[in-house]
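>>> coordinates only, sequence not included:
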């Protein structure tokens with residue numbers, strides 16, 4: 001789990017917002033989330049969500065994030081990583 005000071009140095013504002021969103025949505029197990037619905041809830045564009053989710057998939061140690069499918073919007077499979 002990253003400390004708040006590491007958040008500010010590692011992630012931009014949208015990425016921090018997405019991480020907090022994911023923490024609130026995923027309590028245990030895995031979850032499937034569509035970019036367009038995340039975007040609607042956070043006031044971002046679907047493109048911003050997709051770009052930042054792809055970055056978080058590579059850099060965020062708290063979650064395993066995989067692009068799962070595409071039909072009307074990208075679907076992400078998000079699984080918490082318990083350390």
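Nice, I can see it. The shown structure was predicted, so the numbers you read here are calculated from the model rather than taken from an experiment.

>>> ranges for the strands of this structure?
Under the criterion DSSP state E, the chain carries strands at the ranges 31-34, 63-70, 74-80.

>>> in the first one, what's buried?
It stands for strand 31-34. 33, 34 (16 or more other CB atoms under 10 Å). Where C-beta positions appear, they are placed from N, C-alpha and C, glycine not excepted.

>>> so how far is that strand off the chain centroid?
Counting by CA atoms, centre = their mean, to the nearest Å, strand 31-34 is centred 10 Å from the centre of its parent chain.

>>> swap in the last one?
Here strand 74-80 shows a centroid-to-chain-centroid distance of 8 Å under the convention CA atoms, centre = their mean.

>>> sheet partners, orientation included, of that strand?
strand 31-34 (antiparallel), strand 63-70 (antiparallel) (DSSP bridges).

>>> what stretches of the protein score poorly on pLDDT?
1-8, 28, 83 (pLDDT under 70).

>>> in CSV, list the strands paired with strand 74-80 along with distance to residue 47.
Supplementary listing: those in CSV, determined by distance: least, CB to CB, whole Å:
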stretch, distance to residue 47
strand 31-34, 14
strand 63-70, 13
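
>>> appreciated, that's everything.
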